[in-house]
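[1] Quick one, what's the 3D model for this:
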Amino acid sequence: MSFAARRARLPRLTGIAALVRIATLRPRDADYVVLEVEPGEPWHALVKLVPATRCLLAAAAAGPNLERTLAARLGDDDTARALCELLAGPFPPVRPLCPLDATWRARLRPLALGRPGDPVDHGLFPSRTSKLARLLLAAAGDYPAEVALQAARDAFARGRPYHAHDAIACALVCAGAPARALLRERLRDTRAQRGWRSRKQTHALGRWAQKSGYMSEETDS
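    Okay, here's the model as predicted:
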């Protein structure tokens, strides 16, 4: 089932109920609810009171109308619109990653809940929102290259609490982290201990990396 189809089946909160929900939203919650407002409703004044980081988190759960309202609250520039669109979408993303300055990186860090490959308190593996935040921060140079690459190397190590596809994705977009050869190696990994779900996610990551230009045929150093 596609991301859009799964999202269409989620419970929806609309109007003032959606705006109230923003106040208690957590990164994992964006996978279980859709928040929306109707066009023309007078929510812009209320949204202006929402802190920027919480607006980005709300974008991960937002329907199209609320997504546009949140982008307007965040400045309505190219970066604000791109971030809201990315966070409202799947992981790996279907849209290009956008460059981020120090202000945007500071706003995104609370959503990442750690570095690439880090487990989180809720169920150990990061939510879609946290994985997207980590990916955006990695592409913006917020993590040292050696940290991103080591996390990718350890992504499927025995004893890990979860298989860290987010770490491999982050290493691919992190400048100075030669992770393409590592991904190719993981795509050939057929060990039973990986499980078919993990291998399926790796192949989806490989298709994304190829389509997005992160799988150069050049030899990695």
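
[2] for the nearest residue to W43 once chain neighbours are set aside, what are its contacts?
    The shortest distance from W43 to any non-neighbouring residue, by Cβ to Cβ, 6 or more residues apart in numbering, is to V37 (5.0 Å). Using the backbone N, CA and C atoms, a C-beta is placed for each residue, glycine as well. In this structure, V37 makes contact with 14-15, 18-19, 43, 63, 65-66, 69, judged by Cβ atoms under 8 Å, 6 or more residues apart in numbering.

[3] any chance of those residues in TSV, with secondary structure too?
    As requested, the contacts of V37 are arranged in TSV below (DSSP: H, G, I helix; E, B strand; the rest coil):
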residue	secondary structure
T14	strand
G15	helix
A18	helix
L19	helix
W43	coil
G63	coil
N65	helix
L66	helix
T69	helix
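
[4] ok, now how distant is T129 from A164?
    T129 sits 16 Å away from A164 when distances are taken as Cβ to Cβ, to the nearest Å.

[5] Check the spacing between P64 and A171 real quick.
    Counting by Cβ to Cβ, the gap from P64 to A171 is 32 Å.

[6] Tell me which residue is most central in this protein.
    Residue closest to the average C-alpha location in the chain (Cα atoms, centre = their mean): L132, at 1.1 Å.

[7] Show me where the chain has its helices.
    Remark: helices assigned in the chain by DSSP state H are 3-8, 15-22, 44-47, 52-59, 64-73, 78-87, 102-112, 128-139, 145-153, 165-173, 180-187, 195-212.

[8] Show me what the second one is packed up against.
    The one in question is helix 15-22. If you count contacts as 3 or more Cβ pairs under 8 Å, 6 or more residues apart in numbering; DSSP states H and E, helix 15-22 packs onto strand 34-36, helix 52-59.

[9] what does the shortest one rub up against?
    Read that as strand 34-36. Around strand 34-36, the neighbours that count as contacts under Cβ under 8 Å, 6+ apart are 7, 10-14, 18-19, 21-22, 25, 58, 61-66.

[10] Am I right that A164 is in contact with V120?
    No. With contact defined as Cβ atoms under 8 Å, A164 does not reach V120; the gap is 11.4 Å.

[11] Poorly predicted segments of this structure, please.
    190-193, 216-221 (pLDDT under 70).

[12] Quick check: L137 vs L172, distance?
    14 Å.

[13] And these two? Which one has more around it.
    Each of L137 and L172 had its neighbours counted (other Cβ atoms under 10 Å), and the higher figure belongs to L172 (27 against 24).
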